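In: A structural model of the following input is requested.
(chains A and B)
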Protein chains: 2
Amino acid sequence: MNFCNHCGEAVELTTPEGDNRPRYVCTVCDFIHYQNPRIIAGCIAEHDNKILLCKRAIEPRIGQWTLPAGFMENNETTLEAAQRETFEEATAKINNSQLFCTISIPHISQVYIMYRGQLANGFSEPGTESLETKLFSEHDIDWEHLAFPVIKQSLNLYFTDKKNGQFKIHNGEMIRDEDNITTTTFY
Amino acid sequence: MNFCNHCGEAVELTTPEGDNRPRYVCTVCDFIHYQNPRIIAGCIAEHDNKILLCKRAIEPRIGQWTLPAGFMENNETTLEAAQRETFEEATAKINNSQLFCTISIPHISQVYIMYRGQLANGFSEPGTESLETKLFSEHDIDWEHLAFPVIKQSLNLYFTDKKNGQFKIHNGEMIRDEDNITTTTFY
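Out: Have a look, this model is predicted:
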């Protein structure tokens, strides 16, 4: 960040009075530009014991399979965001949505909030951000080539709960250290 | 938003190609300024069947009682944010933190993520953002004068679960309509 959104003058990185960390503050109008984590909301949609995945048509990870999910927008709920993303990416609707997991990924300042539910009428077809949509059983998934580690983690939790006959709500974090090793913890 | 954070030139509100809603886009460098909801993380800390509340020293709602909670920062987890806010506002530490509720408030583009736990050593004292900290039993709380409706809602859920002898994880929304009527729904 170089300039103030409000007055267009230069910002500087400085700790405002009464604050405890550096912020981008306008050198002219003193506006403080806070930066905060973003929520990514999505769905694990099941039909006939299979899960809906989308093959990404956009970067990053173009061509790789993922759960329908994306950045939550202003003026919507987390559930609306999850349902909207599922419709945009897979033209799919979800019945009986329930919160499934929230996972913090601090090194990229993201929080994933995933719902689970039933894929309405078993129907999906690719939206503009997907090359293909398809229902996968656990053993059909190419686990080593999913688009993002958090997607693999979410699906793992899902199939484990399914085998145990009880879905929980999971809350945890994926921490990447200096050596690029990711440690996943659920509380 | 009037100016581009990156190059300092004017932005205009326009729907970028391939997008489905207006964004602030720089008229010179084409940078798209996305705006997304913010997470507020906090704690319901219990000690001797009482809950820790803080009397706000800052606007909005200065002088009113609230749960320790605040905006999640970049590069932290939701749990770290909840614990940090509890320490900043009440010099308090929490043991055995568990996710308690997530509540979307779309008209202000906020998502509350609240944890519950035990107040370590029963200790608290006001941080710079609080005038006072105090443990309240359910009947000591001035329910009609809590700082924010979402705080009242979270405490209500907490005491209800406590009476039922089982804490759940709650996921829901508080929607304010054009007549300023708020409807609260848990899924």
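
In: Need the single longest strand in chain A, by residues.
Out: Under DSSP state E, the strand in chain A containing the largest number of residues is strand A:94-105.

In: orientation of that strand relative to strand B:94-105 in degrees?
Out: Using axes from the mean of the first three to the mean of the last three Cα atoms, to 10 degrees, the inter-axis angle of strand A:94-105 relative to strand B:94-105 is 130 degrees.

In: Which neighbouring elements make contact with strand A:94-105?
Out: Where contact means 3 or more Cβ pairs under 8 Å, 6 or more residues apart in numbering or on different chains; DSSP states H and E, strand A:94-105 is packed against strand A:38-47, helix A:78-90, strand A:110-119, helix A:149-164, strand A:170-176, helix B:78-90, strand B:94-105. Bear in mind the C-beta positions are built from the backbone N, C-alpha and C, glycine included.

In: wait, what's in contact with residue A:82?
Out: When contacts are counted by Cβ atoms under 8 Å, 6 or more residues apart in numbering or on different chains, residue A:82 touches A:41-43, A:69, A:94, A:97, A:113-115.

In: orientation of the longest strand of chain A relative to strand B:110-119 in degrees?
Out: An angle of 60 degrees separates the directions of strand A:94-105 and strand B:110-119 when computed by the same axes, to 10 degrees.

In: now strand A:94-105, how far from the centre of its chain.
Out: Mean-position distance between strand A:94-105 and its chain equals 10 Å (Cα atoms, centre = their mean, to the nearest Å).

In: One more: stretch A:142-151?
Out: Relative to the centre of its chain, stretch A:142-151 is centred 13 Å away, using Cα atoms, centre = their mean.

In: how about that stretch, does it reach chain B?
Out: No - counting by Cβ under 8 Å from any Cβ of the partner chain, no contacts exist between stretch A:142-151 and chain B, the nearest distance being 13.0 Å.

In: Check stretch A:26-35 too.
Out: Yes - interface with chain B: stretch A:26-35 contributes A:33-35 (Cβ under 8 Å from any Cβ).

In: I'd like the contacts of residue A:82 as a markdown table, with neighbour count, distance to residue A:133 and pLDDT appended.
Out: As requested, those are exported to a markdown table (neighbours: other Cβ atoms under 10 Å in any protein chain shown; distance: Cβ to Cβ, whole Å; pLDDT from 0 to 100):
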| residue | neighbour count | distance to residue A:133 | pLDDT |
| --- | --- | --- | --- |
| A:41 | 30 | 18 | 98 |
| A:42 | 26 | 13 | 98 |
| A:43 | 29 | 12 | 98 |
| A:69 | 26 | 13 | 98 |
| A:94 | 24 | 13 | 98 |
| A:97 | 20 | 18 | 97 |
| A:113 | 26 | 21 | 98 |
| A:114 | 27 | 17 | 98 |
| A:115 | 25 | 17 | 98 |
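
In: Out of these, which is nearest to residue B:76?
Out: Of all the contacts of residue A:82, residue A:113 has the smallest distance to residue B:76: 16.2 Å, by Cβ to Cβ.

In: Could you give the bridge partners of the closest one?
Out: According to DSSP bridges, the residues that bridge with residue A:113 are residue A:41, residue A:102.

In: can you pull the contacts of residue A:125?
Out: Taking Cβ under 8 Å, 6+ apart as the definition, contacts of residue A:125 comprise A:90-91, A:133.

In: Going through these, which ones are buried?
Out: With burial judged by 16 or more other Cβ atoms under 10 Å in any protein chain shown, the buried subset of the contacts of residue A:125 is A:90, A:133.

In: out of the contacts of residue A:125, which one sits closest to chain B?
Out: The shortest separation between chain B and any of these is 13.9 Å, and it belongs to residue A:91 (by Cβ to the nearest Cβ).

In: So that closest one sits against residue A:128, correct?
Out: No - contact criterion Cβ atoms under 8 Å: residue A:91 and residue A:128 do not qualify, at 10.2 Å.

In: Give me the residue at the spatial middle of chain A.
Out: The centroid of chain A falls nearest to residue A:40 when counting by Cα atoms, centre = their mean (3.2 Å).

In: how close does that residue sit to chain B?
Out: With the distance defined as Cβ to the nearest Cβ, to the nearest Å, residue A:40 ends up 10 Å from chain B.

In: so residue A:123 touches residue A:91, yeah?
Out: Yes - using Cβ under 8 Å, residue A:123 is in contact with residue A:91, at 7.5 Å.

In: Now do the spatially closest residue to residue A:9 that is not a sequence neighbour against chain B, distance only.
Out: Nearest-residue entry for residue A:9: residue A:28, 3.9 Å, with adjacent residues in sequence omitted and distances by Cβ to Cβ, 6 or more residues apart in numbering or on different chains. The spacing between residue A:28 and chain B, counted by Cβ to the nearest Cβ, is 11 Å.

In: Give me the phi and psi angles of residue A:28.
Out: phi -110, psi -50 (degrees, to the nearest 10).

In: residues in contact with it?
Out: When contacts are counted by Cβ under 8 Å, 6+ apart, residue A:28 touches A:4, A:7, A:9-10.

In: out of those, who's nearest residue A:80?
Out: When the contacts of residue A:28 are compared for distance to residue A:80 (Cβ to Cβ), residue A:4 comes out closest, at 31.9 Å.

In: now that closest one: how far from residue B:60?
Out: For residue A:4, the distance to residue B:60 (Cβ to Cβ, to the nearest Å) stands at 24 Å.

In: who's more crowded, these two?
Out: Neighbours per residue, other Cβ atoms under 10 Å in any protein chain shown: of residue A:4 and residue B:60, the larger number sits with residue A:4, 24 against 8.

In: what are the bridge partners for the residue lying closest to the more buried one once chain neighbours are set aside, then?
Out: Leaving out its chain neighbours, the residue that sits closest to residue A:4 by Cβ to Cβ, 6+ apart is residue A:26, at 3.8 Å. Note on residue A:26: beta-bridge partners by DSSP bridges are residue A:11.
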